[in-house]
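Q: Need a 3D model of the sequence below.
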Amino acid sequence: MRSGTRHTRRVATASFVGTAIEIYDFNIYGLTAALIFGPQFFPTFSPVAGTLAAFVTFGAGFIARPLGSIVLSHLGDRVGRKSTLVASLVIMGAATFLTGLLPTYAVIGIWAPVLLVVLRLVQGFAVGGEWGGAVVLGVEHAPTHRRAFFGSFTQMGNPVGIVLASLTFVLLTTYLPADVFSSWGWRIPFLASIVLIGIGMWVRLGVAESPDFTAVQRSGAISRSPVWDLITTNWREMLLGGLSSTAAPTLGYLMFVYMLAYSRQALGLPPTYVLWLTVAAGVVWIPLVLVTARLADHIGRKPVLLGGLIGIVVWSLPFFALVNTGSLAAMIVAYLGGVIAVSFATGAQAAFIAELFPAPVRYSGTSMAYQLGSILGGGVAPIVFALLYARSGSSTPIAGYLLATAALSLVATVVLFARGSARNGGTASTRPEPTPAVEGTADAH
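A: Residues are numbered from 1 along each chain as shown. Now for the predicted structure:
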């Protein structure tokens with residue numbers, strides 16, 4: 001087994017690169033849904049209804065996440081973290097590339113949106129096992145006192161993927177004529193992702209298996225059914241961990257996905273206006289994740305995580321008050337406040353979630369808890385936002401929904417700490433703990 005700081009850094013890089021690529025793939029779909037998929041795949045709908053239908057296909061990816069989480073995390077806890085993460089990257093890359101080749105409604109009629117949804121479901125399946133596996137791989141390779149920091153490299157992949165996706169669309173919408181972009185230019189980000197997938201594969205294939213998983217193999221403690229063991233022994237941690245993880249993606253998808261449609265419909269702003277804000281906010285988010293993660297290793301998970309969730313609660317109403325002015329300065333302040341709150345909530349999140357579960361079911365527990373939060377926060381939120389705006393013509397219900405979601409996450413997190421399920425610092429062991437159902441003949445090789 002290779003060891004040492006150098007290899008730990010390579011593992012962190014593998015977690016970061018793979019997640020960044022998958023988030024890029026996932027978010028170019030969201031951006032295209034806001035700008036293109038309505039008229040290209042749902043041309044018989046009104047502009048608002050077409051946008052809503054496009055966001056429904058965006059949300060379809062989150063429907064497949066639980067299945068992907070169950071299947072891939074089962075493999076991650078039985079076969080290994082590394083090989084499962086390589087598989088998730090290949091599946092995601094294939095679905096994204098094929099989306100770039102997909103004919104529109106004008107060419108194949110109803111089959112166009114059907115195939116769009118199918119490929120989105122495949123994307124969601126792959127993402128279902130990505131974040132949890134990348135976090136577990138990073139945390140289990142990390143020194144005990146630096147788990148939040150090394151776990152945060154996976155979190156850093158989120159803003160990097162968002163920045164790459166947004167910057168790609170900024171360049172395309174700026175330098176391609178509008179008719180060219182809408183007819184075929186939007187396909188470029190999907191097709192170009194194949195290059196990024198190749199880079200991610202090269203990095204991930206070069207890392208060693210997690211030492212914790214290897215120890216589980218050697219001890220004969222591999223669970224026969226990790227998901228079932230998780231549900232029967234750690235269901236409270238999974239449920240509360242999922243609710244705890246809901247606020248950050250809700251605000252994140254509000255800023256980085258839905259605002260592209262909202263700013264155009266409600267404020268009459270061009271797409272590039274918000275895309276540049278997204279790029280700037282993502283650039284600020286990247287170092288803040290690392291800073292807040294280091295802080296979580298030094299002072300504990302609790303003050304950092306609770307501080308971020310309280311920040312989202314407090315910022316819910318001022319965010320829209322600033323955005324609705326249409327002033328660039330005010331929108332910068334709105335995004336800056338949102339990114340700071342999200343950074344505190346996500347900097348400690350990776351280690352916080354992974355530490356809720358023992359090693360034999362850690363991949364399953366981390367994946368399923370996070371995906372529950374992502375579905376409630378990221379998958380449902382853009383659809384709810386679009387519905388609330390279509391019904392009211394106002395941002396106030398959207399702000400109220402964000403506030404309520406953040407409050408729910410805050411309560412769930414407080415309960416986890418009060419129950420003693422969550423660890424407040426970097427002192428807990430990451431060595432494997434046996435679960436009830438084990439396979440006594442498991443081999444380390």
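
Q: where does the chain have its least confident helix or strand?
A: Every helix and strand of the chain was ranked by mean pLDDT, DSSP states H and E. The lowest is helix 47-63, at a mean of 68.

Q: Can you give me every residue that contacts Ile231?
A: Contacts for Ile231 were tallied using Cβ atoms under 8 Å, 6 or more residues apart in numbering; they are Met238. The C-beta positions use only the backbone N, C-alpha and C, and glycine is treated the same way.

Q: Likewise for Ile194?
A: Neighbouring residues of Ile194 by Cβ under 8 Å, 6+ apart: 93, 97.

Q: Please point out which parts of the helix or strand where it lies sit buried.
A: Ile194 belongs to helix 188-205 when assigned by DSSP states H and E. With burial defined by 16 or more other Cβ atoms under 10 Å, the residues of helix 188-205 counted as buried are 188-190, 192-193, 196-197, 200-201, 203-204.

Q: okay, the next helix or strand after that helix in CSV with CA atoms only?
A: Downstream of helix 188-205, the next assigned helix or strand under DSSP H and E is helix 211-219. C-alpha atoms of helix 211-219 as CSV (Å, rounded to 0.1, in the frame of the first residue of the first chain):
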residue,chain,number,x,y,z
PRO,A,211,-6.7,1.9,3.8
ASP,A,212,-9.9,1.7,5.8
PHE,A,213,-11.6,-0.5,3.1
THR,A,214,-8.4,-2.7,3.0
ALA,A,215,-8.6,-3.0,6.7
VAL,A,216,-12.3,-4.0,6.5
GLN,A,217,-11.4,-6.7,4.0
ARG,A,218,-8.6,-8.1,6.1
SER,A,219,-10.7,-8.2,9.2
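
Q: who are the neighbours of helix 211-219, in terms of helices and strands?
A: Counting contacts by 3 or more Cβ pairs under 8 Å, 6 or more residues apart in numbering; DSSP states H and E, helix 211-219 packs against helix 130-141.

Q: For Gly129, give me phi and psi.
A: Backbone torsions of Gly129, given as degrees, to the nearest 10, read phi -110, psi 0.

Q: Now do the same contact list for it.
A: Contact analysis of Gly129 by Cβ under 8 Å, 6+ apart lists 68-69, 71-73, 75-76, 84-85, 87-88, 367.

Q: JSON lines for those residues, including secondary structure?
A: Formatted as JSON lines, these follow (DSSP: H, G, I helix; E, B strand; the rest coil):
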{"residue": "Gly68", "secondary structure": "helix"}
{"residue": "Ser69", "secondary structure": "helix"}
{"residue": "Val71", "secondary structure": "helix"}
{"residue": "Leu72", "secondary structure": "helix"}
{"residue": "Ser73", "secondary structure": "helix"}
{"residue": "Leu75", "secondary structure": "helix"}
{"residue": "Gly76", "secondary structure": "helix"}
{"residue": "Thr84", "secondary structure": "helix"}
{"residue": "Leu85", "secondary structure": "helix"}
{"residue": "Ala87", "secondary structure": "helix"}
{"residue": "Ser88", "secondary structure": "helix"}
{"residue": "Ser367", "secondary structure": "helix"}
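
Q: By neighbours, which of these wins?
A: Counting neighbours by other Cβ atoms under 10 Å, Ser367 leads the contacts of Gly129 with 35 neighbours.

Q: How about it, nearest residue that isn't a chain neighbour?
A: Counting by Cβ to Cβ, 6 or more residues apart in numbering, Ser367 lies nearest to Gly132, which is 2.8 Å off, once chain neighbours are set aside.

Q: circling back to that earlier point, relative to Gly30, which of the contacts of Gly129 is nearest.
A: Closest approach between the contacts of Gly129 and Gly30, by Cβ to Cβ: Gly68, at 17.5 Å.

Q: confidence score at that closest one?
A: On the pLDDT scale, Gly68 is placed at 89.

Q: that older thread, which one among the buried residues of helix 188-205 gets closest to Ser166?
A: The closest of the buried residues of helix 188-205 to Ser166 turns out to be Pro189 (Cβ to Cβ; 10.3 Å).

Q: Tell me which residues touch the closest one, please.
A: Taking Cβ under 8 Å, 6+ apart as the test, what Pro189 contacts is 28, 32, 100, 165, 168-169, 172.

Q: make it 10 Å
A: Applying Cβ atoms under 10 Å, 6 or more residues apart in numbering, we find Pro189 in contact with 24-25, 27-29, 31-32, 96, 99-100, 164-165, 168-169, 171-172.

Q: Check Gly268 too.
A: Neighbour list for Gly268: Gly326 [criterion: Cβ under 10 Å, 6+ apart].

Q: can we see that at 8 Å?
A: By Cβ under 8 Å, 6+ apart, Gly268 lies in contact with nothing.

Q: Need the pLDDT of it.
A: In this model, Gly268 carries a pLDDT of 87.

Q: repeat for Met368
A: The model reports Met368 with a pLDDT of 91.

Q: hang on, it in a helix?
A: Yes: Met368: assigned to a helix according to three-state DSSP.

Q: Would you confirm that it contacts Asp77?
A: No: applying Cβ atoms under 8 Å, one finds Met368 not in contact with Asp77, separated by 11.2 Å.

Q: possible to save the buried residues of helix 188-205 as JSON lines with pLDDT and distance to Phe256?
A: Below are the buried residues of helix 188-205 laid out as JSON lines (pLDDT from 0 to 100; distance: Cβ to Cβ, whole Å):
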{"residue": "Ile188", "pLDDT": "91", "distance to Phe256": "20"}
{"residue": "Pro189", "pLDDT": "88", "distance to Phe256": "15"}
{"residue": "Phe190", "pLDDT": "88", "distance to Phe256": "18"}
{"residue": "Ala192", "pLDDT": "87", "distance to Phe256": "20"}
{"residue": "Ser193", "pLDDT": "85", "distance to Phe256": "18"}
{"residue": "Leu196", "pLDDT": "80", "distance to Phe256": "18"}
{"residue": "Ile197", "pLDDT": "84", "distance to Phe256": "22"}
{"residue": "Gly200", "pLDDT": "82", "distance to Phe256": "21"}
{"residue": "Met201", "pLDDT": "83", "distance to Phe256": "26"}
{"residue": "Val203", "pLDDT": "81", "distance to Phe256": "25"}
{"residue": "Arg204", "pLDDT": "83", "distance to Phe256": "25"}
